[in-house]
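Peer 1: Have a look at this prediction, sequence included:
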Amino acid sequence: MTLPQSAVALLDDPKAYATVITMNRNGTPHVTLVWIEAVDGVPSFNTAVGRVKDRNLTRDPRVIVSVVNPAGNGDYAVFYGQARVTEDGAIEQIDRLAKKYTGRDRYNHQPGETRIRVDIDVDRIGGRGPWVTATSA
């Protein structure tokens, strides 16, 4: 699905954080806060190989990402979809996200850590706001 420009703008807002939900092996949700952006028109976040998000998405690519509009008007977007995990561009992305959220040019990379970029092929968008249409909700 092609995201509406309003959704891309929300994802690229430097004050908008995302909550990512993946599924644990036992079927319970794993919920984490992440830095978010739009990459090639889809929601994208970054993590490291071996973390729970990585293990969950390798086993089950279903993912839900929720982003609250930082304008404080009660609008929010929920992106439902399938994750695509890649190392391509992951280092550049985490440095870009560090700049967006902290103002620092580089992320504080941990020795031996392998970063991965998680792009989400969105099936539908829920929530409340200009990004929700009759066909996406």
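Peer 2: Yep, that arrived.
Peer 1: what packs against the longest strand that the chain contains?
Peer 2: In terms of residue count, the longest strand belonging to the chain (DSSP state E) is strand 115-128. For strand 115-128, the helices and strands in contact under the criterion 3 or more C-beta pairs under 8 Å, 6 or more residues apart in numbering; DSSP states H and E are strand 42-48, helix 52-59, strand 62-68, strand 76-86, helix 90-102. C-betas here are computed from N, CA, C, even on glycine.
Peer 1: so how far is it from its chain's centroid?
Peer 2: Average the C-alpha atoms of strand 115-128, do the same for its chain, and the two points are 6 Å apart (C-alpha atoms, centre = their mean, to the nearest Å).
Peer 1: Same question for stretch 22-36.
Peer 2: Averaging C-alpha positions (C-alpha atoms, centre = their mean) puts stretch 22-36 12 Å from its chain's average.
Peer 1: picking up where we left off before, export the longest strand of the chain to CSV, keeping only CA atoms.
Peer 2: Below are the C-alpha coordinates for strand 115-128, written out as CSV (Å, rounded to 0.1, in the frame of the first residue of the first chain):
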residue,chain,number,x,y,z
ARG,A,115,22.4,-3.1,13.0
ILE,A,116,19.4,-4.0,10.8
ARG,A,117,16.7,-1.9,9.1
VAL,A,118,13.1,-3.0,9.4
ASP,A,119,10.8,-1.8,6.6
ILE,A,120,7.1,-2.5,6.9
ASP,A,121,4.9,-3.4,3.9
VAL,A,122,1.7,-1.9,5.2
ASP,A,123,-1.5,-3.8,4.7
ARG,A,124,-3.7,-1.3,6.3
ILE,A,125,-3.7,1.9,8.4
GLY,A,126,-6.0,2.4,11.4
GLY,A,127,-6.2,5.1,14.0
ARG,A,128,-7.6,8.6,13.8
